[in-house]
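Student: Sequence plus predicted model, see below.
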Amino acid sequence: MTSQGAFIRLAVGFIYPAYKSLQAIMTADPEDDMTMLRYWVVLAVVSMIETIADPLFDFLPGYLLGKCVFLFWCMLPSENSGANLIFSRVLFPLFKEHHQEIEQQASIIQVTLKDKLEKFISGQERKW
């Protein structure tokens, strides 16, 4: 992706939604907070998928435009926004079904990283 394309993706995917998130926090309405929270969860999953997909599809004409349109669809302030649909129909049901396994793996990772960091700080382990 060109640097211009990277900036466009950054502006559409992160800068504008961050601004909208700050606006949502300043209101008394909890629904706009939930809308932006759903967006960020979907964006995190999409970003992980992009790590694999970008090198495979980045050369295609219109790929950047397609990603930007997808991100705009995700941040639409409506019941049918992409983030709301993807979150409520795909991500949250999967999370509810597998949350115990996810919690176990997250705990293992947390303990492992904590141990490695403590050993590194104390000088007992020099390699990661």
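Tutor: Nice, I can see it.
Student: Spatially central residue for this structure, please.
Tutor: Note on the chain: the residue nearest the mean C-alpha position is Ala44, at 1.3 Å, using Cα atoms, centre = their mean.
Student: What is the subsequent helix or strand relative to the helix or strand Glu31 falls within?
Tutor: Element membership for Glu31, per DSSP states H and E: helix 30-57. Using DSSP H and E, the helix or strand that follows helix 30-57 towards the C-terminus is helix 63-74.
Student: How about that following helix, which residues are buried there?
Tutor: Tyr63, Leu64, Lys67, Cys68, Leu71, Cys74 (16 or more other Cβ atoms under 10 Å). C-betas here are computed from N, CA, C, even on glycine.
Student: Is the residue lying closest to the third one once chain neighbours are set aside in a helix, a strand, or coil?
Tutor: The spatial neighbour of Lys67 that comes closest, neighbours along the chain excluded (Cβ to Cβ, 6 or more residues apart in numbering), is Arg9 at 6.4 Å. Reduced to three states with DSSP: H, G, I helix; E, B strand; the rest coil, the structure at Arg9 is helix.
Student: doesn't Gly66 make contact with Arg9?
Tutor: No. Counting by Cβ atoms under 8 Å, Arg9 does not reach Gly66; the two are 11.3 Å apart.
Student: which stretches of this structure aren't confidently modelled?
Tutor: Counting by pLDDT under 70, the chain contains low-confidence ranges at 1-2, 125-128.
Student: which helix of it spans the most residues?
Tutor: Longest helix in the chain, counting residues (DSSP state H): helix 92-122.
Student: quick one: it to helix 30-57, angle?
Tutor: Interaxial angle of helix 92-122 relative to helix 30-57 (axes from the mean of the first three to the mean of the last three Cα atoms, to 10 degrees): 80 degrees.
Student: Check the offset of helix 92-122 from the chain's centre.
Tutor: Once both centres are worked out by Cα atoms, centre = their mean, to the nearest Å, helix 92-122 turns out to sit 18 Å from its chain's centre.
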